[in-house]
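**Student:** below is the sequence, then the predicted model.
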Amino acid sequence: MVHQTYTADVLVVGGGTGGTAAAIQAARRGAKTILVSEFPWLGGMLTSAGVSAPDGNELEAFQTGLWGAFLQELRHRQPGGLDNCWVSFFSYDPCIGAEIFADWVKELPNLHWISLQVPLEVYRQRDRITGVRFADFAVTAKIILDATELGDLLALADIPYRWGWELQSEWGEPSAPVKFNSLTERYPVQAPTYVVIMQDFGEAVAPQIPTAPNYNPSLFAGAWDGYGAETFLNYGRLPGDRFMINWPICGNDYGQGVGRLIKSEVTRGEFIQESRWHSQNFAHYIQHQLGRRYGLAREVFPHTQKAFALHPYYRESRRLVGLTTIREQDILPVAGGRVASIFNDAIAVGNYANDHHYPGVQFPLQPKSIQWGGRWTGTPFTIPYSCLIPATTDGFFVCEKNISVSHIANGATRLQPVVMGIGQAAGMAAAMCVELNCQPRDLPVRDLQAALLQDNRSNAIIIPFFNLSPNRSDWLHRQLYYLNNPLAYPASGDCPGLSTDNYFESNVNEVLISKNKCFQGIFYRIGHQEYRFTVTAPALYQGKNWQLVTLRSHINEQLHAYPDQQLITVWGRENHFSNWLLVEHLSEG
C-alpha cells in the first residue's frame, strides 16, 4: 500500500556505479533529484559489490569526470595509497569508496537518497514512464532512470530489452557465434561473481572457514597454477593485508542456471545464495591449501556476512533495445589504428579489453588490446548518447550495464569507469531535459556534450586521446574541435601538434613535489613496450629490478625512444605486489 508519493524532476532507481553518478550529476546541475537504492552503500561495483580494484580508464588522459574525481578522493583518503595489487592501478578499502559517494550526496540539498528499497511497479501514461512504486511509497518524476543492477525497470515497464547472445547474422560481429550452441544455452549472459574479502592474519591462526552446501574441491583445483599462490593473492590485494577474491580461473565466478536471475524474485534469491556459497567454498579451499594464516576479513561490509559483498558483481543484465546499439565493431580498433571510430553523439569513453567470463570455458574474442606505457591496455572507444534511450518510450533513460549493447560488446562496456561515465552523462541529460522541457530523444546532443566537457566540478572527456592531458589549457579547445570534425580524428589516438616539452614544463613541478621517490639506474629494453630498470642508487635499493610502467603519454614516448642500457633517473612509485615502478617523471643520466 502506498503511504506517500514524492515528486521530483529526476528519479534514479538503483544506487550502483551508474545510478550514483547520475543522481549526483543531475543534482549538481540543479534538478530536484531522488535516488532510491537497494543497499545501504552507494557505488555498486566499486563498493557494495566489492570490486575495489577497478579496471579500465587508467591512463591519465582518461581520468576525467566523476571517475577522475573519485580517484582523486581515494588518493586523499586511502592510507598507504592505491598501489596495492597487480590487476589494477587503484586498489582501496570499499568502505572508503562508499564514504566518498555518501559525502557527495550529503553535499546536495536537492538530492534525496532513500535506501533499502526495490521497485515493484512502473507507472506510465501511454508511451511515457511517469513514476515508480516501491513498498510503501511512490515517486513521480519528469525523467526516470533505470540504474538497477539487472535492468529491472525494463521488465516492470515492458520496455523491449535483450537477454543473451546475438548470432553473427544479427550485426556481423566477428566474435559472435554462427549458431546457438551448448555455450550460449548454458551461459546466456556472463557469469557474476560474489566477491569475498580475505585477510592475512600473519602469525595468528585465522578462524576456520566452514564449507557451504555443494562443496566440491575439484572445481577449484589448479586455480593458481601458472601464477603461484603469492601472485594469486596479490591479484586483488587491498590495503591492510586484505585480498579481494574475484578470480576467474577455477575460482568464484558462478554461472550455473544464471537465467534464474530474471525469472522471479524466488529464483533470483536462489541464484544469489548459491553464488555466495560458491565463494565461501572457494575461500575455504584457499585456506585449506594455503594455511590458517588466511581467513575471512573482519568488519568490511555492513551486514551479518561482513567478509562478503552486499550483492554479486553482475557483469551483464537485461540490455535495452535503444535508438542505437553498440556492436563489437564499435569497440574494435579501426584498420591500422589504435582507437575505435567515434560516435557523433559520443558522451563517454572506455578503453578496457573485451573480457568475457564463462566458468570452465575459454571463449575467443577479436583482440582489442594494445601495448602502451610498458604494459597491456585496451583500444579506446566511445559510448553514444542514443544507446541510453528506448526506441519507443519517453521520459526514461538507462545508465548501467543495461544500455543498448550487444552481448559481445558488453564485455568492454560493462567496466566500472565506463559505467560511471555513462551515469554522469545520463544524469546531465536528465537535468537538461527538465530545463528544456523536452524528451530525451529531443535533447540537442551538442548541448549535452558541451555541458559534460565544461562542467565546473567534474568535466568529462568525450574524444579519447592518449596524449591530451586533462590539465592542459587547450584541452577543451581540442575536445570541441574533434567533436565538430570527427573525420579528422587520427587513427593513432594521438592528438596532433602537442609538444612534449610544453607538457613537461606544466607538470614537472607538480611531479617533483609529490610523494614520488627518486631512483637512478640502468634502463633495459626487453621488447616492444617492455622495459626493465635496475637500480644503482640509492644504496638501499641497489640491484633491485623493476618493470617500468606509466600512465602518462609523454613518459610513454620517452620510454619508447630510450636506447637499451641508458643511464636514467626516475621519479615514481613502487608497487611491491606487481614488481613494477609507476613512472611519473624521468630524465637521462
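**Tutor:** Received it, and whenever you're ready, just let me know what you need. Numbers count the residues shown, from 1 in each chain.

**Student:** who are the contact partners of Glu328?
**Tutor:** Trp171, Glu173, Pro174, Ser175, Ala176, Asn354, Gln366, Ser406, Ile408, Ala409 (C-beta atoms under 8 Å, 6 or more residues apart in numbering). Every residue, glycine included, has its C-beta placed from N, CA and C.

**Student:** adding secondary structure and distance to Trp372 as columns, could you present those in TSV?
**Tutor:** Below are the contacts of Glu328 laid out as TSV (DSSP: H, G, I helix; E, B strand; the rest coil; distance: C-beta to C-beta, whole Å):
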residue	secondary structure	distance to Trp372
Trp171	helix	28
Glu173	coil	25
Pro174	coil	23
Ser175	coil	22
Ala176	coil	27
Asn354	coil	17
Gln366	coil	19
Ser406	coil	26
Ile408	coil	23
Ala409	coil	21
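
**Student:** and the furthest pair within those residues?
**Tutor:** Trp171 and Asn354 (14.8 Å; C-beta to C-beta).

**Student:** looking at these two, which one has more neighbours?
**Tutor:** Using other C-beta atoms under 10 Å as the criterion, Trp171 and Asn354 rank with Asn354 on top: 23 against 17.

**Student:** I'd say the more buried one and Thr413 touch.
**Tutor:** No - with contact defined as C-beta atoms under 8 Å, Asn354 does not count as touching Thr413 (9.2 Å).

**Student:** which neighbours do those two have in common?
**Tutor:** Ile331.

**Student:** after the lengthiest helix in the chain, next one along is what?
**Tutor:** Taking DSSP state H as the criterion, the chain has its longest helix at helix 265-290. Along the chain past helix 265-290, the next helix or strand (assigned with DSSP states H and E) turns out to be strand 294-296.

**Student:** who does that next one pair up with?
**Tutor:** When sheet partners are counted by DSSP bridges, strand 294-296 sits next to strand 196-200 (antiparallel).

**Student:** may I have the strand it pairs with as PDB, with CA atoms only?
**Tutor:** Taking Å, rounded to 0.1, in the frame of the first residue of the first chain, the C-alpha atoms of strand 196-200 are listed here in PDB:
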ATOM      1  CA  VAL A 196      34.600 -12.200  -0.700                       C
ATOM      2  CA  ILE A 197      37.400 -10.400   1.100                       C
ATOM      3  CA  MET A 198      40.100 -12.500   2.800                       C
ATOM      4  CA  GLN A 199      42.800 -11.400   5.200                       C
ATOM      5  CA  ASP A 200      46.300 -12.400   6.100                       C
END
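
**Student:** so what touches that strand?
**Tutor:** 50, 94, 206, 233, 238, 240-245, 252, 279-280, 282-283, 286-287, 293-298, 300-301, 307-309.

**Student:** in PyMOL, how would I select the buried members of those?
**Tutor:** Those of the contacts of strand 196-200 that count as buried under 16 or more other C-beta atoms under 10 Å are selected in PyMOL with:
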select buried, resi 50+94+206+233+238+241+242+243+244+245+252+279+280+282+283+286+287+294+295+296+297+300+301+307+308+309
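
**Student:** returning to what we had before: report the buried residues of the longest helix of the chain.
**Tutor:** Buried-residue list, helix 265-290, by 16+ other C-beta under 10 Å: 271-272, 274-287, 290.

**Student:** likewise stretch 92-108?
**Tutor:** In terms of neighbour count (16+ other C-beta under 10 Å), stretch 92-108 has its buried residues at 92-94, 96-102, 104-105, 108.

**Student:** which outside residues touch that stretch?
**Tutor:** Counting by C-beta under 8 Å, 6+ apart, stretch 92-108 makes contact with 20, 23-24, 27-28, 33, 35, 41-43, 46-48, 50, 52-53, 70, 73-74, 77-78, 82, 84, 111, 113, 197, 238-240, 242, 300-301, 309, all of which sit outside it.

**Student:** where in the stretch 351-500 of the chain is pLDDT low?
**Tutor:** Applying pLDDT under 70 to the stretch 351-500 of the chain flags residues 500.

**Student:** quick one: the strands in it?
**Tutor:** 369-372, 375-378, 381-384, 396-398 (DSSP state E, counting those that start in this stretch).

**Student:** got CSV for those strands, with distance to Arg162 and mean neighbour count too?
**Tutor:** As requested, those are arranged in CSV below (distance: least, C-beta to C-beta, whole Å; neighbours: other C-beta atoms under 10 Å):
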stretch, distance to Arg162, mean neighbour count
strand 369-372, 26, 17
strand 375-378, 24, 20
strand 381-384, 17, 26
strand 396-398, 12, 29
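
**Student:** tabulate the ones you listed (a markdown table), appending distance to Val334.
**Tutor:** Below are the strands of the stretch 351-500 of the chain laid out as a markdown table (distance: least, C-beta to C-beta, whole Å):
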| stretch | distance to Val334 |
| --- | --- |
| strand 369-372 | 12 |
| strand 375-378 | 14 |
| strand 381-384 | 10 |
| strand 396-398 | 27 |
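
**Student:** Tyr358 is nearest to which of these?
**Tutor:** Closest of these to Tyr358 is strand 369-372, at 19.0 Å (criterion: C-beta to C-beta).

**Student:** lowest-pLDDT helix or strand in the protein?
**Tutor:** In the chain, the helix or strand scored least confidently by mean pLDDT, DSSP states H and E is helix 500-512, which has a mean of 50.

**Student:** centre-most residue in the chain?
**Tutor:** Centroid check for the chain by C-alpha atoms, centre = their mean gives Gln416 as the closest residue, at 1.4 Å.

**Student:** that one contacts Gly56, doesn't it?
**Tutor:** Yes - assessed by C-beta under 8 Å, Gln416 is found in contact with Gly56 at 7.0 Å.

**Student:** neighbours of the residue nearest to Pro312 when sequence neighbours are not counted, how many?
**Tutor:** In this structure, Pro312 finds its nearest non-sequential neighbour in Pro192, 4.1 Å apart by C-beta to C-beta, 6 or more residues apart in numbering. Neighbourhood size, Pro192 [other C-beta under 10 Å]: 26.

**Student:** so what's Pro192 up against?
**Tutor:** Counted by C-beta under 8 Å, 6+ apart, Pro192 has contacts Asp253, Tyr254, Gly255, Val258, Leu261, Ser275, Pro312, Tyr313, Tyr314, Arg315.

**Student:** tell me the phi and psi of it?
**Tutor:** phi -80, psi 170 (degrees, to the nearest 10).

**Student:** from Ala229, how far off is it?
**Tutor:** In this view, Pro192 and Ala229 are 25 Å apart by C-beta to C-beta, to the nearest Å.

**Student:** next: Phe282.
**Tutor:** Distance of Phe282 to Ala229, computed by C-beta to C-beta: 14 Å.

**Student:** picking up where we left off before, between strand 196-200 and the longest helix of the chain, find me the angle.
**Tutor:** 20 degrees (axes from the mean of the first three to the mean of the last three C-alpha atoms, to 10 degrees).

**Student:** next, Asn84: secondary structure please.
**Tutor:** Using DSSP: H, G, I helix; E, B strand; the rest coil, the structure places Asn84 in coil.

**Student:** report the separation between it and Gln72.
**Tutor:** Separation of Asn84 from Gln72 (C-beta to C-beta): 17 Å.
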